[in-house]
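**Student:** how would this look folded up:
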Amino acid sequence: MATLNTEVSSYADVAKRTDPDGTLADILEILNQANPVVGDMLVRECNDGTGHKTTVRTGIPQATWRLLNYGVPRVKSTTAAVRDATGMLEVYGEVDKALADLSGNASAYRLSEAKPIMEGMSQQMA
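**Tutor:** You can find the predicted model right below:
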């Protein structure tokens, strides 16, 4: 029984992306999203191997209104240690060289595969 190929490019994919004149067709990227949050993300090296330790303030002391001849209690702030887990979002896209060459413009064909892969990562992060 035949199975559908969903992981790598095939002859059918090249045919769908080829215009009648034999050039690669322009692809309308209607699934793309605007994810401005991705541009605001910070990248920082971990300070604890595979995680990042920080200290956050969890409590601010309150002042006391003082009367004459009365003292005020001692106060202090409180903090907590936080360890953020980290990860790497990865994907591996592969196009067979011979298949890319069949498209007539191997570089453009590979780019047409790379763009949606990067878009998918952007959507997954946002």
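
**Student:** State the next helix or strand along the chain beyond the worst-scoring helix or strand of the chain on mean pLDDT.
**Tutor:** For the chain, counting by mean pLDDT, DSSP states H and E, helix 36-40 ranks last in confidence among helices and strands (a mean of 70). Later in the chain than helix 36-40, the nearest helix or strand by DSSP states H and E is strand 51-59.

**Student:** okay, now the domains of this protein?
**Tutor:** By the assignment in the TED database, the chain contains the domains 44-87, 88-125.

**Student:** between these, which one is nearest to residue 26?
**Tutor:** domain 88-125 (9.3 Å; C-beta to C-beta). (Glycine included, C-beta is placed from N, CA and C.)

**Student:** end-to-end on the closest one?
**Tutor:** Taking C-alpha to C-alpha, to the nearest Å, domain 88-125 runs 11 Å from one end to the other.

**Student:** So for residue 1, what's the pLDDT?
**Tutor:** We have a pLDDT of 56 for residue 1.

**Student:** remind me, longest helix of the protein?
**Tutor:** If you go by DSSP state H, the chain has its longest helix at helix 106-125.

**Student:** What residues does residue 110 make contact with?
**Tutor:** For residue 110, the contact set (C-beta atoms under 8 Å, 6 or more residues apart in numbering) comprises 95, 100.

**Student:** how much space between it and residue 7?
**Tutor:** 16 Å (C-beta to C-beta, to the nearest Å).

**Student:** Any stretches of this structure with poor pLDDT?
**Tutor:** Within the chain, the segments meeting pLDDT under 70 span 1-5, 37-38.
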